[in-house]
Each structure stands twice: as C-alpha cells, then as structure tokens.
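[1] here is my input, please return the structure:
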Amino acid sequence: MTVPDTGAIPRAGGHVRGSLRPPGGQRGGPLTAPTWVRAGFSTPLVHVADVERSIRSFERLGFELVDFASEGGHTGWARMHCEGGAIMLLASDEPLRPREQSIQFYLYSPDLPTLREQLLASGVEVSQIRRPNYMPSGEVQLHDPDGYALFVGHWGEAEHEPWERQAREKLKRRAESGA
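    Got it, this is the predicted structure:
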C-alpha cells in the first residue's frame, strides 16, 4: 500500500545529526556527537466503536487507507494518511466517552466551502463556516461517528505565507533572547 503522492509509507525515527538536544541538555550550538535519534511522524491513535465505519468517515475528509489488521472478518485496526497527516483507528473494547478524552482534531483544507458542500452532500452534518479570530479565513466543525470533534480550517497559500513569515520572525526573536 502507498501514501498518495509519495509512493512510500514514511518512516519515523531516522538518525539526525546536530539538531536535537539530549534530555536536560543546554541550549546553544548544535550537537555533533553522539548522534541523537529523533521521533517523528506523530500519529494519533483513536479508539473507535467500529473501525470500518470510521474509515468511511475519514475517507470523506480525504484520508486514504494505507494499512489495516483484520481477524475473523472484523477490522480491529487501521492506519490512514492524508496530505501532511495520519491517524490510526483501533477498535475499543470499552464503551467510548469522547467528551472525556479531551482530544479534538484540527485539519486544514485549501477550499473549505467546497469541502463543506461535499460533506453535506454525502450526509455528514457540518456546521456553518465560522470565522473566529484565530482562523479568520473560516472553519467548520463536525463529529466523527464516535462523537470526536473534528475542526477543519481554511488554509491556502494566502494564509500560509504570512503565517510562515510570522513564525520565522517569532522563532528568531526567541533564539536571540536566549529563551
């Protein structure tokens, strides 16, 4: 199975020289020895009532199934990827309480109005597009089949370029202050 556009499943934990401090390490110059291993490709693992139902739900958001495990005709685990992200779905043995999980998912779309219309046309209940101060280009809220909150923000080049510039400036000021 492959991930869209890359042809390969990303691997986490590659060796990285000179960019990661050890636990308790001092800020400052790059590390040269020893080589530190970095964790990467963070993937939320979500307990769900029905993995197949959740697969269909996340496919509507643009995720692609890249791996799964089944036993006796029952899918117990799945991994799905989308542009820039991934999620793993695991069949829960316990009753789900999504409001007690204190987790929300935030995704991005370069064309939020069209995505919203597609979701509505496929029977998904989606909020109106709201424009909160942290996402003035718009966001919607929906819930997955198990009740987990999913937010989708509109994020295209017009949003990304100013954000990237501001983030670089903030990181530079932080480094200059020694923080």
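[2] can you give me the end-to-end span of stretch 124-139?
    Across stretch 124-139, the terminal residues are separated by 16 Å (CA to CA, to the nearest Å).
[3] I should have written stretch 104-115 there, sorry.
    End-to-end for stretch 104-115, by CA to CA: 19 Å.
[4] what lies in contact with that stretch?
    For stretch 104-115, contacts defined as CB atoms under 8 Å, 6 or more residues apart in numbering pick out 44, 61-62, 82, 84-85, 87, 129, 137-140, 144, 148-157. For glycine as for every other residue, the C-beta is placed from the backbone atoms N, C-alpha and C.
[5] quick one: the helices in this protein?
    Along the chain, counting by DSSP state H, helices occupy 51-59, 112-121, 157-177.
[6] and stretch 159-175, what's buried?
    By neighbour count with 16 or more other CB atoms under 10 Å, stretch 159-175 contains the buried residues Glu159.
[7] who touches it?
    Ser137.
[8] repeat that for stretch 69-77.
    By CB under 8 Å, 6+ apart, stretch 69-77 touches Val51, Glu52, Ile55, Phe68, Ala78, Met88, Leu89, Leu90, Ala91.
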